[in-house]
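Peer 1: Only the shape, not the letters, is given here:
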């Protein structure tokens, strides 16, 4: 997280901001970063920007995390991976719920499919 300071210029047409000074406020852990990302998507659910790291309905962690968006999202990963979920409202595409879990090997097991409430998928 950073604090923008000095001469700040915000582009009204998108999310670009420039500044002349920036101060590091906090280095985020991966779960914190994913949580902030989920919040951003909730605040801008219809944005056309490419969320190229967001999977649809089902996704597997890659590079330590996965974010899955859909009507009934499921995700899986290995030990230490972060699973982020964005459940959409049935017809509007807006976000109704979010969830975030870390695969710890105790409550959330590796290589198992989980839903937004931390429940294992039953096949």
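Peer 2: Happy to help now that I have it. None of these values were measured; they are calculated from a predicted model.
Peer 1: And the longest strand along the chain, what does it pack against?
Peer 2: Secondary structure of the chain per DSSP state E: the longest strand is strand 65-76. If contacts are counted by 3 or more CB pairs under 8 Å, 6 or more residues apart in numbering; DSSP states H and E, strand 65-76 sits against helix 30-43, strand 54-60, strand 82-88, strand 114-115. C-betas here are computed from N, CA, C, even on glycine.
Peer 1: So for residue 73, which of those sits nearest?
Peer 2: With CB to CB as the criterion, residue 73 lies closest to strand 82-88 of the helices and strands packed on strand 65-76, at 4.8 Å.
Peer 1: How far off centre is whatever helix or strand comes next after that closest one?
Peer 2: Next helix or strand after strand 82-88 toward the C-terminus (DSSP states H and E): strand 95-102. Centroid displacement of strand 95-102 relative to its chain, using CA atoms, centre = their mean, to the nearest Å, is 8 Å.
Peer 1: And stretch 88-103, by the same measure?
Peer 2: That offset, for stretch 88-103, works out to 10 Å (CA atoms, centre = their mean).
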